[in-house]
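1. here is a sequence together with a model predicted from it:
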2 protein chains.
Amino acid sequence: MATVSLSLSPVDGGLVLKDRIYQELKRAIIAVDVYADDKEHRLDERQLSEDLGVSRTPIREALCRLEIDGFVRTIPRRGAFVARKSKKEILEMITVWAALESMAARLITEHASDEEIATLRNMFATFDEAKVAANIDEYSETNIEFHQALLNLSHCDLLKKMTENLFLHMRSIRRRTISEDNRANRSIIDHMHIIEALEARDADLAEKLVRQHTLDLAAHVEKNVDWLD
Amino acid sequence: MATVSLSLSPVDGGLVLKDRIYQELKRAIIAVDVYADDKEHRLDERQLSEDLGVSRTPIREALCRLEIDGFVRTIPRRGAFVARKSKKEILEMITVWAALESMAARLITEHASDEEIATLRNMFATFDEAKVAANIDEYSETNIEFHQALLNLSHCDLLKKMTENLFLHMRSIRRRTISEDNRANRSIIDHMHIIEALEARDADLAEKLVRQHTLDLAAHVEKNVDWLD
DNA sequence: AATTGGTATTCTGTATACCAAATACCGGGA
DNA sequence: TCCCGGTATTTGGTATACAGAATACCAATT
C-alpha cells in the first residue's frame, strides 16, 4: 500500500503557558499609563498568580522576559515594577530606532518590489491635511503603522524583531505627547518624501530622510518633554 | 551628631544566582564551537543543575534569557540546544550591526572628545602590515575591540547593549572564517579612514564608511561562507 | 527482517514548599 | 513627640515534588 501524503502541518501551536502569560502581562502593562502619576505600579507575583490562576513559576519566567524587554524593572528582594523610562533612555531608544529604520529604508530600495512600496502610499490615501488635524489620534495610529510597514518591507526579520519592542515603548510615550504634538502635517510630508525616495530606489536619500525624520522626533522630545524624571 | 557620609557602594553586587548562572552558561556556550560538527549540543537542565550545584529553577531562568539573546534555542517539551545560526540569520545580524555601528559613528562625531577619538588610533599603533599577516588572530581581537570601542564612544548605552550580543555571536562565526579571511590589511585601511572621518567630525562620511565596512563583511559572508545550513 | 503496538523511562512544564532578606509595625526610652 | 530597636509579617529567591509529554526500548506479529 502506498502511503498517502496529506501535507499536514504540525499541530503544536508552540504556545506554552509562560508565553501566554508573557503576552497577557505585556498587554496589561502597556495598557497602564505609567507616566500619568508618580506612584509606582508594583507587580506582585502572588497576586498575579492568583489572578491568572497559575503558579508563580510561569509568572516569574514571564516577568524575567519582560524585564529584558525593558517593560519591567525588578529590584532584587523588592519586587517587579512597571518600568518608567527616563528621558535619556527614551532618547536612546529613538536613536536606535532611527538607526534600524534608516537601514530598513536602505534595504527596501534594494529588495522590496514596486508593489510593496506602493502599499505605503495607500496608507495615507485617506488623509488630507484637514483630516489629520481632525482625528489626530487616528492619524497617530497610521503613523506608527507606517513605520512598522517600513520595517516589514525590509524583509529583515531581525530588524523587525528588534524594533517591535521599541515601538511598544514609543506608544506609551506617545500617549502623553499626542496632545502637545502638532507636528502631524510636517510628519505626513516627511513620509511622502520618504516614499518618493524609496520609489526612486535612492538608498542614500531614503536612509537619510528616515534617519532625519526620526531624529527630529528625538530633538522634539529633548526640547519639549519635561514631564519625565 | 552629623551623619558622616562615607560614599559606600552597595555590598550586594546585584548579582543574584540566576544572573551568575546566566553569565557562566553564556561563557560556556560561547566556548562551544557549534559550527565544528553537525551534532546538536543539548543542554540538559538536570545535568546543568547537578554540575553547577544549584536547582533547576535558576537554570531555567538563565536559559530563558539565553534564548532571547539567541544563544539557545528551546523546543517545547524537547529541551534547550546551543543555537546554530543560519546563514540568513548571520547576514541579518551583520546588517543590524552595520545599522547600529554607523549610528554610533555619527554620534561620535557629535559628542565624543578629541582625546577619545585619539584612543582609537592607539589601538592600531603596534600593527603594521607585516605584523597583521603574522599574527592574524591577535589582530582579529584588536579588530573586534575597535568596533566595540566605537560603540563605547557613542556614549549611548542602549546602542552598546544591543550590539554586545551581536559581537559575541560574530566571535563564534569568526572562529571559522579567520583562516579563510585574509582581508585584514584591507580592514585596517578601512579603520584608518573611519578614524580620519571621525577626527574631521564628518558625520555623513563616518557613518557611510562604517556602514560600508560592515556591509562588506556581509557581502563576504554571503559569497564565501558555505559551511552553514 | 521489518514494522507496529505497547510499555518504560526520561525530562520538561508546572505547582508547591522552604528560607532568608526586607519592610512594616509596635513598644519603650529620651 | 520623636527616635530607636526589636519582632512579626511579607515577599522574593531557591529548592523540591509531581504530572504529562516525548522518546527509547522491546516484543510480537506479519
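-> All right, it came through fine. Numbering: from 1, shown residues only, chains lettered A, B, ... in the order given.
2. just checking, what packs against the helix or strand containing residue A:106?
-> In this assignment (DSSP states H and E), residue A:106 forms part of helix A:87-111. Helix A:87-111 is packed against helix A:136-153, helix A:157-177, helix A:184-199, helix A:203-224, helix B:87-111, helix B:157-177, with contacts defined by 3 or more CB pairs under 8 Å, 6 or more residues apart in numbering or on different chains; DSSP states H and E. (Glycine included, C-beta is placed from N, CA and C.)
3. contacting residues for residue A:155?
-> Contact partners of residue A:155, counting by CB atoms under 8 Å, 6 or more residues apart in numbering or on different chains, are A:107, A:111-112.
4. could you list which of those residues also contact DNA strand D?
-> Here nothing survives when those are matched to DNA strand D using CB under 7 Å from any atom of the strand.
5. which residues are in contact with the spatially closest residue to residue A:119 that is not a sequence neighbour?
-> Closest residue to residue A:119 apart from its sequence neighbours, by CB to CB, 6 or more residues apart in numbering or on different chains: residue A:149 at 7.2 Å. Residue A:149 is in contact with A:119-120, A:123, counting by CB under 8 Å, 6+ apart.
6. which of those are buried, as a PyMOL select command?
-> The buried subset of the contacts of residue A:149, as determined by 16 or more other CB atoms under 10 Å in any protein chain shown, is captured in PyMOL by this line:
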select buried, chain A and resi 120
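7. up against DNA strand C, what does chain A have?
-> A:16-18, A:54-58, A:77-78.
8. tell me the mean pLDDT over the helix holding residue A:106?
-> Average pLDDT, helix A:87-111: 97.
9. in chain A, which residue is most central in space?
-> Nearest to the geometric centre of chain A sits residue A:167, at 1.5 Å (CA atoms, centre = their mean).
10. where does it land on pLDDT?
-> For residue A:167, the model assigns a pLDDT of 93.
11. remind me which residues of chain A are low pLDDT?
-> Applying pLDDT under 70 to chain A flags residues A:1-14, A:127-134, A:136, A:178-182, A:228-229.
12. around chain B, which positions in it sit nearby?
-> A:12, A:14, A:16, A:57, A:60-61, A:64-65, A:68, A:76, A:89, A:92-93, A:95-96, A:98-100, A:102-103, A:107, A:156-159, A:162 (CB under 8 Å from any CB of the partner chain).
13. rerun that using 7 Å as the cut-off
-> Chain A comes close to chain B at residues A:12, A:14, A:16, A:61, A:64-65, A:68, A:76, A:92-93, A:95-96, A:98-100, A:103, A:156-159, A:162, as judged by CB under 7 Å from any CB of the partner chain.
14. pull out the buried residues from those residues.
-> A:61, A:64-65, A:92-93, A:95-96, A:98-100, A:103, A:156, A:158-159, A:162.
15. and which of these is nearest to residue A:188?
-> Residue A:188 lies nearest to residue A:98 out of these, by CB to CB, at 18.5 Å.
16. so what's that closest one up against?
-> A:211, A:214-215, B:103 (CB atoms under 7 Å, 6 or more residues apart in numbering or on different chains).
17. at 10 Å instead, please
-> Residues near residue A:98 by CB atoms under 10 Å, 6 or more residues apart in numbering or on different chains: A:210-218, B:99, B:103, B:106.
18. what of residue A:56?
-> For residue A:56, the contact set (CB under 10 Å, 6+ apart) comprises A:45-46, A:48-50, A:63.
19. sorry, back to before: want to throw the contacts of residue A:149 into a markdown table with distance to residue A:31?
-> Shown next, in a markdown table, are the contacts of residue A:149 (distance: CB to CB, whole Å):
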| residue | distance to residue A:31 |
| --- | --- |
| A:119 | 29 |
| A:120 | 29 |
| A:123 | 25 |
